[in-house]
Each structure stands twice: as structure tokens, then as C-alpha cells.
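> Need a 3D model of the sequence below.
(2 chains)
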Amino acid sequence: MSADTAEPSPAAARPPHFLEQIIEADLQAGRWGGRVHTRFPPEPNGYLHIGHAKSICLNFGLARTYGGRFNLRFDDTNPAKEEQEYVDSICRDVKWLGCDYDEGPQAGGLFFASNYFEQMYRWAEELVRKGKAYVCELSAEEVSAKRGTPQTPAISPFRDRPPDESLRLLRAMRAGAHPNGSMTLRARIDLASPNFNLRDPVMYRIVHEHHHNTGGDWCLYPMYDWAHGLEDSIEGITHSICTLEFENHRPLYDWFIDAINEGRGPDSEWGPRIHHPRQIEFARLNLTYTVMSKRFLLRLVREARVKGWDDPRMPTISGFRRRGYTPESIRAFCEDVGVTRQNSVIDVGRLENACREHLNRIAPRYMGVLRPLEVVIDNWPAGTVEQIACVNNPEDPGAGTRDVPFSGKLLIERDDFMESPPKKFFRLAPGAEVRLRYAYWIRCVSVEKDGAGNPVRLRCTYDPATRGGNDPPDGRKVKATIHWVSADHAREVEVRLFDRLFNAEQPGARTGDQFDDLNPSSLEVLRARVEPALAEAVNTARSDEPARVQFERLGYFATDPDSRPGAPIFNRIVTLKDLWVKEQKRG
RNA sequence: UGGGGAUUAGUGUAACGGUAGCACAACUGACUCUGACUCAGUUAGUCUAGGUUCGAAUCCUAGAUCCCCAGCCA
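Below you'll find the predicted structure:
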């Protein structure tokens, strides 16, 4: 298993990307006292997806590269959407990815924005007293109506309310004296700014709702723009990395911290200045044939179009985990796609490739037949069973061999036989000869069919001189090797095959509704027949991680948690590359 | 229409005034007891138009295209 540990050190092999360049320049300039401290700040309102994985790996990787720390922080400022279930799943996913926030050299810790509510509130009162914030009694609809246009300013009739009065109202808001939506605390910035985010943004709104962490302590909840920079500041974050759509929010991020710091200093009545991190934006990950929005994924789950957040077809981290992806391969993928400020769409095939690359190194091989076709070997000595030694992993010489029983009644893959094969079909056909992997060469002498004309049994002969699958002395050649199982020894197992969830490269591009591009047949469940050693290996596997194996010539498979003792279920993680499929599509 | 960003082979991504390189995809071929893996090779690119310069993907000017922004979401 030594191949498993070989993961290239990411930042070493390539030129530094723009974030690394920024950090190196900051380090060079002595900013932050040489510290690097990053964070991943999810809102617990859904499960993490592969796009989040990129952000997690980025933030954690930066901390690792520069000997810094990495925090996991829940940005839990909206109780209406957040749940403990999501908190739990996020913690698990981040750890599974190998980005440990509470153990190891990068451990910065686990935090909740909601634990800072008291501190944030004190700063809010400070801004009110400084005349930088005021209580506004406009309704949401009125604010919207008075937003103005890019050219005309917004209108806010309460912005000149005296600080004392705002302070009194703010305290009443906090005390629960007012219903949802009746008033807000707003920052007094610039009603005419072409950046709408600066048109006196809301800092606090009233939400009478139970919070997963603070329970009923608060009915006043901070908005993202007010809260986020403060969270970063409190934790001593140096580089606050977020996605491109927050670019227009950066002036606000800076404004709030500057507003708090105004008048602060060593001898100030307000206290010392607070830490001011730097927000930097990068382009989020997009994948072909994939929808990444949490809202949409939630809909898939709620409308039962998939079996849950961890359905192996979902682009969630838990979905990939259940499907059988390794964290190593997801990390390698995130490293591979790079970090820039350009919007892009990555070919989902690259994720699959990263997975194949890792699994090829570590997955033991077995033989299994998905759609069986019976083969009877006419000249096989009746009643005899031979044990065939099979290589466990050609990529890993230390993996050894196992015995697979061989007999006169076999099962092969339906796709490996064609009655009237095209020119480039090298497998079994009437009169044709193939190698059974590690076993013998067989020749098809006749085909038995059912009433509908479908082949149900192949009658073949074997060549004893090809024992072990080796070339016979007469110099004969075969162009194909196929997999097989002994019919009477094979175990039946459930296999789940997945196709992409969407038929369109960019779901929703056609009609505007991503649901219109859902692939109706993205799941196929089969009863497959596998060699006995596989069934045994699975029973002894650890339960916290799936057993991952290669079915020779078919793909990589992982045991699903639905498995029961003696009744394993295999998810196909990804197929092997298949040039024959490509050849067929070419026509 | 206002503001903020981005444009380099099919897709991604380097090159930071000095030979446009890499990965994936595609296509050839070699190897092969997995039509896998591996290896070798081929095709193919600086959004446009001007300018500065001995020299421009890089700097300047003008334009084009795409993305984001008018939640009491994050």
C-alpha cells in the first residue's frame, strides 16, 4: 500500500498562483507579522459540494504551504435557514477531505459566528454612537422601492435620526420589543453610491426564531456584510478568501472595520484598534454536467429526485464519498484545476480522471460479471474444478495473488459476445477464440438461443495448452482477454450503476430550468455475479471507509453503506476508460 | 443605461517588456493476459483595431464579448 501515501506536494511543482503570490508579497513586506491564517466559512444551510471542496483545499493548502493555520467557522447568522444536521455534515466532510481544523499543524479551530453576537452588538452600538449607523423603520418593500437606480440615489428618511434615539430603539429591538421586519439597523454610508451595497446597507434585522447554537438568546441577527469581516477580525484571519461575487462587497468589508477603528487607538475611549484582514476573491469551481447551487441541490433532495444529500449521483462531498471517491483524488483534482479570477467550467471528466488515477494505484482487482451469458466448455473434464491464480494488482507487485475457481460452466459478460461482430470486435463470436483472463483460451463452437433469438448459452472448447492464459506453443494469437466467473461458484451481489445526473453539458441552458435536463435513467440496479474472493474480502473490510476495488475491465466499485453482512452492494465509482465504446460511437 | 471584474489551442492554466509553455481532451503509433495502465508523437492559441518600443500576451488608447451587483440571503 505504499503507493497510497505518494501524494505530490502541491505547491512545489508549479509556479505560485495569484493568491500565493499575494501572500508571499505580504510575507515579504512583513504584514501580519509573518502569519498566514485562513478559514473556510460555510453557512450551515445545506451540504457541502465539490465547489466547496475547492475552497476548503485552497484555504487549507495555503495554511499548510506557509506554515499557517486554518479555521472552520460556521457563518450562522440566519436561523431561518440553518440546522444542526448541516453543521454536523460539514464538520464530517471537511475532516474527510483531510483538511483538519482541530488537529495537526494547521489546526486553527472550530468556530461559530453566533458566538460573536455579543461582541458584534457592542460594536454596533459604538457605530450608532459615532453617528455611523441608525435605526430605520422602512419595511423591506419600502427599502426596495426607494433603492433608486444606478444614476439616482436611494431615499432613507430615518438616516438623520439622532444617535440617542437610534440607540434606544436598537436596545428595544434587541430586547424583543418589535416584530420581524418592523425595523432594521442600517449603516450610514452613501445613498448615491453606484455600488448598491453601499447605499446604507442593513446591519441587523429582527428574526424571532430559534437558532441551532444560541437558541432563543437573540432576536436580532447580523447581516453577512456587517458580520463577516468582524468574524475574520476576531479570529485573526490574515487572508479572507471568498468567491468573485463578493468583490462588490469588499468596500463594505473594509468600511465596517475602518468605522470601528475610527477614533480607536492606544489611549482611546473606544479601545484599541481591531485587526483588519484582507479580503481576496477567486473564481468558484464550475463543472460540466453538474449543478452546484445549494438551492437546487436542496430541491433535488426535497422533491426526492435523488435519495438524499449523499446520493452517489449528487455532486456533494458526501455523495462523492458514498460513491467511493477517495479524498486524495478530490484533493488532486482541486490542485489540478488551478486558482484564478477567471470564470470557467471544468470538464467533469477531469474529476473522473483524478479518481481513476488514484484508484488504479490502490484498488485490488477482482472479476465480476454484470450481465451474465453462460458458457459451457464441452471438452472440460466433467466435475473438475481448478483453482486459478490471479494477480491482485498489477500496479502493486506486493499485492500478491488469489485463487479463483474455474469449471466447465462459466459466466461471461454479454457485451463480450457478438453473433455477427463488426470488423474491429476482438472478443467472442462464433468460431472465434479469446483468452479468459489468467485461465485458458476458449473457442466458441455454437450458440444456443431463446425463442426470441437471443443467445442464452455458448458452447465452447478450451485448449489445455493455454493453461494460465499463456500463449500456446503453436504460435496462435488472440486479440482479446475477457473476464469470467465460474457459474456454480459465483456469488450474487447488488450493483448500482450511475450515469450523469444531467444530460446537458450546461444544465438549464436550453430552457432556463435545470430540471429539464435531468437524466431520467441515471441509476441502474443490477444483480451481478462475482468471484467468491470478493464477497469474502468485503466482509472483512473496515466499515468507516468503503472497500474500493476494480472489477477487471468494468471499472472501480465501492461498497455502499446499504450493504448487509453476506449481502454486499457495490456502487460503480467510475468506469475504466473504454476505447471500444468510443470506437462504436464513431460508427 | 451606472459600478465592479474577466478575456492565451476544444477545455483549463503558465509566461509579470525578450524563444508563447504545461495539463486534460482529440488524433497517430508502440507496449500489453484489463480495448485499462504506461510510453512516444501530431493537430491546435494571445478578443479586435490603433499606438509606444529594437522587441508587446504583457504598457497606452478606443472598441467587442462574457460574468457579478438594486434580499431585512450568504
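
> Just the pLDDT for whichever residue of chain A sits closest to RNA strand B.
Nearest residue of chain A to RNA strand B, counting by Cβ to the nearest atom of the strand: A:Gly469, 2.2 Å away. Placement of C-beta: from N, CA and C, glycine included. We have a pLDDT of 97 for A:Gly469.

> For the closest residue to it other than its chain neighbours, what is the enclosing helix or strand?
Nearest in space to A:Gly469, with sequence neighbours left out and distances taken as Cβ to Cβ, 6 or more residues apart in numbering, is A:Tyr438 at 4.9 Å. Here A:Tyr438, judged by DSSP states H and E, is contained in no helix and no strand.

> Also A:Phe158?
Short version, using DSSP H and E: A:Phe158 is in no helix or strand.

> what residues are up against it?
By Cβ atoms under 8 Å, 6 or more residues apart in numbering, the contact set of A:Phe158 is A:Tyr134, A:Val135, A:Cys136, A:Glu137, A:Leu138, A:Arg186.

> one more time with 10 Å, if that's ok
A:134-138, A:165-166, A:169, A:183-184, A:186, A:188, A:200 (Cβ atoms under 10 Å, 6 or more residues apart in numbering).

> Provide the backbone phi and psi angles at A:Ala187.
phi -80, psi 140 (degrees, to the nearest 10).

> does A:Glu209 sit in a helix, a strand or a coil?
coil (DSSP: H, G, I helix; E, B strand; the rest coil).

> For it, which non-adjacent residue is spatially closest?
Closest to A:Glu209 by Cβ to Cβ, 6+ apart is A:Pro79, at 4.4 Å.

> Can you report how many residues neighbour the one you found?
A count of nearby residues for A:Pro79, using other Cβ atoms under 10 Å, gives 21.

> re the thing from before, A:Tyr462 is in contact with the residue of chain A closest to RNA strand B, correct?
No: taking contacts as Cβ atoms under 10 Å, A:Gly469 lies outside contact range of A:Tyr462: 11.2 Å.

> Neighbours of the residue of chain A closest to RNA strand B, how many?
16.

> follow-up on the earlier one: wasn't the residue nearest to A:Glu209 part of a helix?
No: the assignment for A:Pro79, made by three-state DSSP, is coil rather than a helix.

> That one against A:His211, yeah?
Yes: when contacts are counted by Cβ under 10 Å, A:Pro79 is listed as touching A:His211 (4.0 Å).

> Find the residues that touch each one of the two.
Common neighbours of A:Pro79 and A:His211 are listed as A:Ser114, A:Trp218, A:Cys219, A:Tyr221 (criterion: Cβ under 10 Å, 6+ apart).

> Among those, which pair sits farthest apart?
A:Ser114 and A:Cys219 (13.1 Å; Cβ to Cβ).

> For those two, list the residues in contact with both.
Common neighbours of A:Ser114 and A:Cys219 (Cβ under 10 Å, 6+ apart) are A:Pro79, A:His211.

> For these two, indicate the residue with more neighbours.
Higher neighbour count among A:Ser114 and A:Cys219: A:Ser114, with 24 against 20, using other Cβ under 10 Å.

> pretty sure that one is in a strand, no?
No: assignment of A:Ser114 by three-state DSSP gives helix, placing it outside any strand.

> residue contacts, A:Ile241?
A:19, A:22, A:38-41, A:55, A:58-59, A:62, A:277-282, A:339 are the contacts of A:Ile241 under Cβ under 10 Å, 6+ apart.

> Let me see the contact set for the residue of chain A closest to RNA strand B.
Residues near A:Gly469 by Cβ under 10 Å, 6+ apart: A:Ile388, A:Cys390, A:Arg435, A:Leu436, A:Arg437, A:Tyr438, A:Ala439, A:Tyr440, A:Trp441, A:Val478, A:Thr481.

> Wait, the fourth one touches A:Ile482, no?
Right, the one you point to is A:Leu436. Yes: between A:Leu436 and A:Ile482 there is a contact under Cβ under 10 Å: 6.4 Å.

> what touches both of those two?
The contact sets of A:Leu436 and A:Ile482 overlap at A:Met367, A:Val375, A:Ile412, A:Leu428, A:Ile442 (Cβ under 10 Å, 6+ apart).

> Cross these against helices and list the overlap.
Among the shared contacts of A:Leu436 and A:Ile482, DSSP state H puts none in helices.

> Redo those as a markdown table? Include neighbour count, pLDDT and distance to A:Val291.
As requested, the shared contacts of A:Leu436 and A:Ile482 are exported to a markdown table (neighbours: other Cβ atoms under 10 Å; pLDDT from 0 to 100; distance: Cβ to Cβ, whole Å):
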| residue | neighbour count | pLDDT | distance to A:Val291 |
| --- | --- | --- | --- |
| A:Met367 | 29 | 98 | 36 |
| A:Val375 | 24 | 98 | 44 |
| A:Ile412 | 24 | 98 | 39 |
| A:Leu428 | 27 | 98 | 41 |
| A:Ile442 | 27 | 98 | 47 |
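
> so which of these also contact RNA strand B?
With the criterion set as Cβ under 7 Å from any atom of the strand, no member of the shared contacts of A:Leu436 and A:Ile482 is near RNA strand B.

> Sitting in strands, which of those residues do you find?
Judged by DSSP state E, strands contain the following of the shared contacts of A:Leu436 and A:Ile482: A:Val375, A:Ile412, A:Ile442.

> ok, and the closest residue to the last one other than its chain neighbours, which helix or strand is that part of?
By the measure of Cβ to Cβ, 6+ apart, the closest residue to A:Ile442 outside its immediate chain neighbours is A:Cys460, 4.3 Å from it. Mapping A:Cys460 onto the secondary structure by DSSP H and E places it in strand A:455-463.

> pLDDT (mean, whole number) over that strand?
The pLDDT scores in strand A:455-463 average 98.

> Export only the CA atoms of that strand, formatted as PDB.
Output of strand A:455-463 as PDB, limited to C-alpha atoms (Å, rounded to 0.1, in the frame of the first residue of the first chain):
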ATOM      1  CA  PRO A 455     -28.200 -16.000 -27.200                       C
ATOM      2  CA  VAL A 456     -28.600 -17.800 -23.900                       C
ATOM      3  CA  ARG A 457     -25.700 -20.300 -23.900                       C
ATOM      4  CA  LEU A 458     -22.400 -20.500 -25.700                       C
ATOM      5  CA  ARG A 459     -20.800 -23.900 -26.300                       C
ATOM      6  CA  CYS A 460     -17.100 -23.600 -26.400                       C
ATOM      7  CA  THR A 461     -13.900 -25.700 -26.300                       C
ATOM      8  CA  TYR A 462     -10.800 -24.900 -24.300                       C
ATOM      9  CA  ASP A 463      -7.200 -25.500 -25.200                       C
END
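
> Sort out which residues of it are buried, please.
Going by neighbour count (16 or more other Cβ atoms under 10 Å), the buried part of strand A:455-463 is A:Pro455, A:Leu458, A:Cys460, A:Tyr462.

> what's it packed up against?
Packing partners of strand A:455-463 (3 or more Cβ pairs under 10 Å, 6 or more residues apart in numbering; DSSP states H and E): strand A:372-377, strand A:409-413, strand A:433-436, strand A:441-449.

> Quick one: closest of these to A:Ala107.
Proximity to A:Ala107 (Cβ to Cβ) singles out strand A:409-413 among those, at 48.7 Å.

> what distance separates that closest one from the centre of its chain?
Computed by Cα atoms, centre = their mean, to the nearest Å, the chain-centroid distance of strand A:409-413 equals 37 Å.
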